[in-house]
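Asker: Could you look at this predicted model? Sequence included:
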Amino acid sequence: MIVACIVTNLSIYTSSVFNNGQDSYNSAHRLPNGDTLIAETEAGGLAMEENRLVFQSSYNTSLDSVIEVTPSGTIAWAQSGFFNPHEALLAAGYLFVADTEHDRVVAIDYPSHDIVWSWEPAKINWTQVNPEWGPGHYYNKPIATDWTHVNEVHVKNYGSWTACLISLRNFDLVVEVNFTADLLMPSNAANIVWYYGDYGNHSLLFHQHDPVYLPDGNVLISDSDNNRIVEINYTTRKEMWEYQPGDLNWPRSATLLPDGNMIISHFDEIRIINTTTKSTVWSYTGDFYSVYAVDYLPNGDILFGSDFSHVVEEVSPSGTIIWEYGQPFIRNIVWFNTLYGMGLEILILIIVLNGYRGKYKKIATLIMCGALLTAGVIFLAKSSFIMATIFLTLAR
């Protein structure tokens, strides 16, 4: 029975993840018109990321898109041609996209489909940014596979100019680019006006996500592989605040809320903490795995994409799912396994009872098989989460 369960789960996982129609979702943002902007990646390619990176020249980029989805679940606007996009954000009159495996950030003249700006680290002389980054430095030596893994862009209006705060995960680096100037001279080193991090210096950053501006001008960063959230003073570039409780698992977003609390997403949980006491005041662990950035909505609901769970969800503070887009892999596999287990146990029950004769033997067997049925259902439901965790960790 256990062997059959494992084989079935492998079949479900394979058909789900390697099916081109099963997409993975990273960032999700609610637009003023009520639609949701989503960065989507074809899940089969995501699971085989290393292979598709090697053969990226032949990868079908029509499969990876930025989509605008209505409350009813229909696609109102879409643009393909990206390669595992991690962020899609409407700001300053443009749609900014972190086109991760194309190693670039683009600005689109939304709602048209015209790319008006492309920031490409491969075109930058990084020695001009920091003289210590010489010609042989990692930043100055582009490679074909997952060189920058640029995973985030945020926008700030400084009045006379607009800035883009960009995370280059595999650089262990966050940079601020003068977008206004770079529109005229794209990918110019002189337009990098601020940076934090250094390749391989994991005392600063280690494969970070989601740098965001704080109201006082400082920068909040999800320092993912250091399993912490850190605030960096914009002027001095010194650490001002750190949250590293010991149970964070690859945090990928942190946002300061209007009430002073902070909402954080990590691998299988969304939590809100008190920034002074660092205690958890709210948490949500739904049927998702590998949650990406969280969008805190004005009504208090929480919108997020979960890449390996293939779903975008909006949940209320009580944990009720208000809106959903996609096919929730973990929920589907749990229900399938529960039904599968019940079917197997009922079959065993029928076979056993059919082989016995006598009133009391039948009653005893019925009790025994009922207990076995209950235990089997509980086991299969819980084991589904365990196996899904194993499979998805390997996929990551």
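Answerer: Happy to help now that I have it. Numbers count the residues shown, from 1 in each chain.
Asker: Please make it C-alpha for all contacts and neighbour counts, starting now.
Answerer: Fine.
Asker: show me what contacts the residue nearest the centre of the chain?
Answerer: Per Cα atoms, centre = their mean, the C-alpha nearest to the average position across the chain is that of Tyr292, at 2.6 Å. Residues near Tyr292 by Cα atoms under 8 Å, 6 or more residues apart in numbering: 26-27, 252-253, 265-267, 304-307.
Asker: Against Ile264, how distant is it?
Answerer: Distance check for Tyr292 against Ile264: by Cα to Cα, to the nearest Å, it reads 10 Å.
Asker: so what sits against both of those two?
Answerer: Taking Cα under 8 Å, 6+ apart as the contact rule, Tyr292 and Ile264 both touch 252-253.
Asker: and Asn151, what is it in contact with?
Answerer: By Cα under 8 Å, 6+ apart, the residues touching Asn151 are 85-87, 98-100, 166-169, 209-210.
Asker: secondary structure class for it?
Answerer: Secondary structure, DSSP: H, G, I helix; E, B strand; the rest coil: Asn151 is strand.
Asker: One more: Glu101?
Answerer: From three-state DSSP, the assignment for Glu101 is helix.
Asker: before we move on, what about Val281?
Answerer: Judged by three-state DSSP, the three-state class of Val281 is strand.
Asker: What is the burial count for it?
Answerer: When neighbours are defined as other Cα atoms under 10 Å, Val281 has 12 of them.
Asker: go on, Gly197?
Answerer: For Gly197, the neighbour count with other Cα under 10 Å is 19.
Asker: Chain neighbours aside, what residue packs nearest to it?
Answerer: Leu173 (4.4 Å; Cα to Cα, 6 or more residues apart in numbering).
Asker: Can you report phi and psi for the spatially closest residue to Lys123 that is not a sequence neighbour?
Answerer: Using Cα to Cα, 6+ apart and skipping residues adjacent in sequence, the residue nearest Lys123 is Ser187, 6.1 Å away. For Ser187, the backbone dihedrals are phi 60, psi 40 (criterion: degrees, to the nearest 10).
Asker: quick one: Ser187 and Trp126 touch, right?
Answerer: No - with contacts counted by Cα atoms under 8 Å, Ser187 stays clear of Trp126, the gap being 10.6 Å.
Asker: Show me where the stretch 251-396 of the chain has its helices.
Answerer: With DSSP state H, counting those that start in this stretch as the criterion, the stretch 251-396 of the chain has helices at 329-354, 359-395.
Asker: repeat for the stretch 1-150 of the chain
Answerer: Assigned by DSSP H, counting those that start in this stretch, the stretch 1-150 of the chain shows helices spanning 2-17, 43-47, 49-54.
Asker: correct me, but Val116 touches Ala107?
Answerer: Yes - using Cα under 8 Å, Val116 makes contact with Ala107 at a distance of 5.8 Å.
Asker: Please tell me how far Asp114 sits from Ser80.
Answerer: As judged by Cα to Cα, Asp114 and Ser80 stand 12 Å apart.
Asker: which of the two has more neighbours?
Answerer: Each of Asp114 and Ser80 has its neighbours counted (other Cα under 10 Å); Ser80 has more, 17 against 11.
Asker: need the contact list for the closest residue to the more buried one other than its chain neighbours.
Answerer: With Cα to Cα, 6+ apart as the criterion, Ser80 has its nearest non-adjacent residue at 4.1 Å, and that residue is Ser65. Under the criterion of Cα under 8 Å, 6+ apart, the neighbours of Ser65 are 39-41, 78-82, 85.
Asker: Quick check: pLDDT value at Ser65.
Answerer: If you check Ser65, the pLDDT there is 94.
Asker: One more: Tyr292?
Answerer: pLDDT for Tyr292: 89.
Asker: Let me see the domain layout of the protein.
Answerer: Under the assignment automatic domain parsing, the domains of the chain span 1-22+328-396, 23-327.
Asker: Run through the protein and note the low-pLDDT ranges.
Answerer: Along the chain, segments meeting pLDDT under 70 span 1-22, 43-62, 328-396.
Asker: which one is Glu40 nearest to, not counting chain neighbours?
Answerer: Closest to Glu40 by Cα to Cα, 6+ apart is Tyr25, at 4.6 Å.
Asker: The one you found against Ser306, yeah?
Answerer: Yes - between Tyr25 and Ser306 there is a contact under Cα under 8 Å: 5.9 Å.
Asker: higher neighbour count, these two?
Answerer: Shown here are Tyr25 and Ser306; by other Cα under 10 Å, Tyr25 has more neighbours (30 against 26).
Asker: For the more buried one, give me its contacts.
Answerer: Contact analysis of Tyr25 by Cα under 8 Å, 6+ apart lists 38-41, 305-308, 310-312.
Asker: Could you do Trp323 as well?
Answerer: 71, 313-315.
Asker: Next one: it from Glu314, what distance?
Answerer: Trp323 is 5 Å from Glu314, where distance means Cα to Cα.
Asker: Please apply the same query to Trp194.
Answerer: From Trp194 across to Glu314, the span is 34 Å (Cα to Cα).
Asker: Now stretch 205-213: buried residues?
Answerer: Under the neighbour-count criterion of 16 or more other Cα atoms under 10 Å, stretch 205-213 has 205-213 buried.
Asker: er, stretch 256-271 actually
Answerer: Neighbour-count burial for stretch 256-271 [16+ other Cα under 10 Å]: 256, 261-271.
Asker: Stretch 224-240 too?
Answerer: So for stretch 224-240, counting by 16+ other Cα under 10 Å, buried means 224-234.
Asker: Including distance to Asn178 and secondary structure, could the residues you listed go into JSON lines?
Answerer: Shown next, in JSON lines, are the buried residues of stretch 224-240 (distance: Cα to Cα, whole Å; DSSP: H, G, I helix; E, B strand; the rest coil):
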{"residue": "Ser224", "distance to Asn178": "26", "secondary structure": "helix"}
{"residue": "Asp225", "distance to Asn178": "28", "secondary structure": "helix"}
{"residue": "Asn226", "distance to Asn178": "28", "secondary structure": "helix"}
{"residue": "Asn227", "distance to Asn178": "30", "secondary structure": "coil"}
{"residue": "Arg228", "distance to Asn178": "28", "secondary structure": "strand"}
{"residue": "Ile229", "distance to Asn178": "25", "secondary structure": "strand"}
{"residue": "Val230", "distance to Asn178": "23", "secondary structure": "strand"}
{"residue": "Glu231", "distance to Asn178": "21", "secondary structure": "strand"}
{"residue": "Ile232", "distance to Asn178": "19", "secondary structure": "strand"}
{"residue": "Asn233", "distance to Asn178": "19", "secondary structure": "coil"}
{"residue": "Tyr234", "distance to Asn178": "15", "secondary structure": "coil"}
